[in-house]
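Chemist: need the 3D shape of this:
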Amino acid sequence: MQKSESRITVVMLGILVSLPLQAEVRPRARDLGVPFEGVPGPDNGITDVAGVEVGHTTLISGEGKLEVGRGPIRTGVTAVLPRGKSSNNDAVFAGWFSQNGNGEMTGTTWVEESGFLEGPILLTNTHSVGVVRDAAIAWRVKQGAPDASGYWWSLPVVAETYDGWLNDINGFHVKPEHVFQALSGASGRPVGEGSVGGGTGMECYEFKGGIGTSSRRLHAKQGGYTVGVLVQCNCGRRSQLRIAGVPVGLETPKQSSKGDDGSIIIIIATDAPLLPHQLKRLSRRATMGLARTGSTSGNGSGDIFIAFSTANPGIWSAREPVQVTALPNDSMNSLFEATVQATEEAIVNAMVAADTMTGADGHQVAGLPHDKLREILRKYNRLAK
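Modeler: Numbering: from 1, shown residues only. Next up is the predicted model:
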């Protein structure tokens, strides 16, 4: 069992409240006996990569009939800061990949062109991308000094999945202050999972989904590097779901009526010294971890992935030729494997952490039943304990 110490901000019945997640200890997939390959880091999350910080703002209020602009509200913002609060002043090498592009991740043309991720990555719902992007720029202006050219300039990376089944998505309830809260509250402590932050109103394989995370630590002979993954999962149909190779979706009756392809955003962090083209290769491997859980990335799915490396600090701000450290391509196999493993586990962690939620118009999405999951794994001789 892992105690999460991150903080979330929740709006309930119109009141803004800051809540420590450590108030409730929630099981994770490994605690339920789901078998996974590889060795996780100490917190089994993206913050196992030194320097990475994560913050959530969670917005939950209202119930009953949907009234656009009034609720019910089931949404939020998640912020991932590659170098913590210094992310604005020291960009990281990065690469991104779109498995299926029915979705949005802003700022990626400059990531592709420059090879750098400048600032945080923010996750939210589909119709709040604009306000989150603008708020991220305002936060940078407030937090940091002008760049070398004498003025602030930013193309933030903001990604989305659709939460309109549970949330009043056209009510535009995510405001700039919610973005500021997620950014300023980010920490390197264990990450809250499930129905938190940008994942609040999401579903995954027609179970309740949301935010999930996992990590892998390589053996010393492989460099001892860490790979961490964070997902905002909102994808898949019930019949597709596989957990530890077991057809869990086929073994559980369908309870939700939404049933379309959905989307997933996957963020990969590592302290391994990789160049942008190598990070693009790493981001592609997220597709294989996603496939392990059953997804086929349908036409309506926005499956977009980004990877960054915290190695080589100071490169972005250099004004003279500098030396860069990078692994040879032949040394990347263990990183590929770690990415696949951590992606799979992060998705399952998101579902395990998320309780049943009722939202707009009484729509209800069932949480993945823990006892039933253990029963199914036992039936297929896959229960770890």
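
Chemist: ok, the residue nearest the centre of the chain - contacts?
Modeler: Closest to where the C-alpha atoms of the chain average out (C-alpha atoms, centre = their mean) is Val231, at 2.8 Å. Contacts for Val231 (C-beta atoms under 8 Å, 6 or more residues apart in numbering) come out as 211-213, 264-267, 343, 346-347, 350. Using the backbone N, CA and C atoms, a C-beta is placed for each residue, glycine as well.

Chemist: tell me the buried residues in the longest helix belonging to the chain?
Modeler: Secondary structure of the chain read by DSSP state H shows that its longest helix is helix 333-353. For helix 333-353, burial by neighbour count (16 or more other C-beta atoms under 10 Å) applies to 334-335, 337-353.

Chemist: quick check: the closest residue to Val34 other than its chain neighbours vs Phe207, distance?
Modeler: Computed as C-beta to C-beta, 6 or more residues apart in numbering, the closest residue to Val34 that is not its neighbour in sequence is Ala244, at 5.4 Å. In this structure, Ala244 and Phe207 are 16 Å apart, going by C-beta to C-beta, to the nearest Å.

Chemist: ok, the contacts of Val231 vs Phe93, which is closest?
Modeler: For Phe93, the nearest member of these is Ile267. The distance, counting by C-beta to C-beta, is 14.4 Å.

Chemist: isn't there a helix covering Phe308?
Modeler: No: going by DSSP: H, G, I helix; E, B strand; the rest coil, the assignment for Phe308 is strand, not a helix.

Chemist: number of nearby residues for it?
Modeler: Here the count is done by other C-beta atoms under 10 Å, and Phe308 has 30 residues near it.

Chemist: just list the residues touching it, thanks.
Modeler: Per C-beta under 8 Å, 6+ apart, neighbours of Phe308: 82, 92-94, 117, 267-270, 279.

Chemist: of the residues you listed, select the buried ones using a PyMOL command.
Modeler: Per 16+ other C-beta under 10 Å, the buried members of the contacts of Phe308 correspond to this PyMOL selection:
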select buried, resi 82+92+93+94+117+267+268+269+270+279
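
Chemist: which two among the contacts of Phe308 are spaced furthest apart?
Modeler: So, these by C-beta to C-beta: farthest apart are Phe93 and Ile267, at 14.4 Å.

Chemist: which parts of the chain are helices?
Modeler: 108-114, 129-143, 176-184, 276-284, 286-292, 333-353, 370-379.

Chemist: related to what we said a few turns ago, report all helices and strands that the longest helix of the chain contacts.
Modeler: Judged by 3 or more C-beta pairs under 8 Å, 6 or more residues apart in numbering; DSSP states H and E, helix 333-353 is in contact with strand 203-204, strand 210-217, strand 226-235, strand 262-270, helix 276-284, helix 286-292.

Chemist: the ones you listed: which one's closest to Ile46?
Modeler: Closest among these, using C-beta to C-beta: strand 226-235, at 3.5 Å.

Chemist: just want the angle from that closest one to helix 276-284.
Modeler: 50 degrees (axes from the mean of the first three to the mean of the last three C-alpha atoms, to 10 degrees).

Chemist: mind listing the strands strand 226-235 pairs with, and their directions?
Modeler: strand 210-217 (antiparallel), strand 262-270 (antiparallel) (DSSP bridges).

Chemist: where does pLDDT dip in the protein?
Modeler: The model of the chain has pLDDT under 70 over residues 1-25, 144-152, 255-261.

Chemist: give me that answer again for 90
Modeler: For the chain, the stretches flagged by pLDDT under 90 are 1-26, 85-89, 140-154, 253-262, 314-322, 385.
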